[in-house]
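> show me how the following folds:
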Amino acid sequence: MGTGQMMTVIVALALLGLVSLRNNSMMLTKSQTMYEAEASLDAVSYAQSLLDEIMQTSYDAATTTQKVFSASEFTSASGLGPNATEARAVPLPDSGNTFKSILYYSDVDDYNGYQRKIYNSRMGTFTLNVSVFYVSESNPNQTATTQTFFKKIVVTVTHLNMSKPLFLSNISIYRRYF
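Now for the predicted structure:
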């Protein structure tokens, strides 16, 4: 085999290597995109399920047994979260098949600071964190430092295959006119 033929074989092998490397890179990128899309869909499902659970509870501890006509009767903005009994009953992070929050949390603000870990056999563990705070009645994107008839609930979901956290929110409204 002559020098020219040897050079041709080397160039052909180099081109084959580059084509193979490019093909593997595209397949890897496609797989990463598919995993991120699947993780995002699961994250939306888990976050919406948790929001639905929260929205089924009472607006505030004060509204579980009576009607309230003044926002000042609600839990203070600095006191949002579970009371001592609820905090002892619900370990953080809450995980397993039956979440303890369903059994022990009775109102929306009990979920402030709540963390839930959900294991998915295909994707692994999703971590959900909840924040609850009062918002202005005229602008639900503005946090209020005092009690109002509006509480914003934000569920943040993180997962290894998601490039950034997912945020899902809802507003719980207490209707004071009966």
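
> from here on, contacts and neighbour counts on C-alpha atoms
Will do.

> surely Ala62 is in contact with Ser72?
No - taking CA atoms under 8 Å as the definition, Ala62 is not a contact partner of Ser72, at 10.4 Å.

> so where does Gly96 fall, helix or strand?
Assigned by DSSP states H and E, Gly96 falls within no helix or strand.

> what's the longest helix seen in the chain packed up against?
With secondary structure taken from DSSP state H, the chain has its longest helix at helix 3-55. On a contact count with 3 or more CA pairs under 8 Å, 6 or more residues apart in numbering; DSSP states H and E, helix 3-55 meets strand 150-158, strand 166-173.

> rerun that using 7 Å as the cut-off
When contacts are defined as 3 or more CA pairs under 7 Å, 6 or more residues apart in numbering; DSSP states H and E, helix 3-55 packs onto strand 150-158.

> partners of the strand it packs on in the sheet?
strand 124-134 (antiparallel), strand 166-173 (antiparallel) (DSSP bridges).

> highest average neighbour count across the ones you listed?
Highest mean neighbour count among these (mean count of other CA atoms under 10 Å): strand 124-134, with a mean of 21.

> need the residues that contact that one.
77, 109, 111-119, 143-144, 147-148, 150-159 (CA atoms under 7 Å, 6 or more residues apart in numbering).
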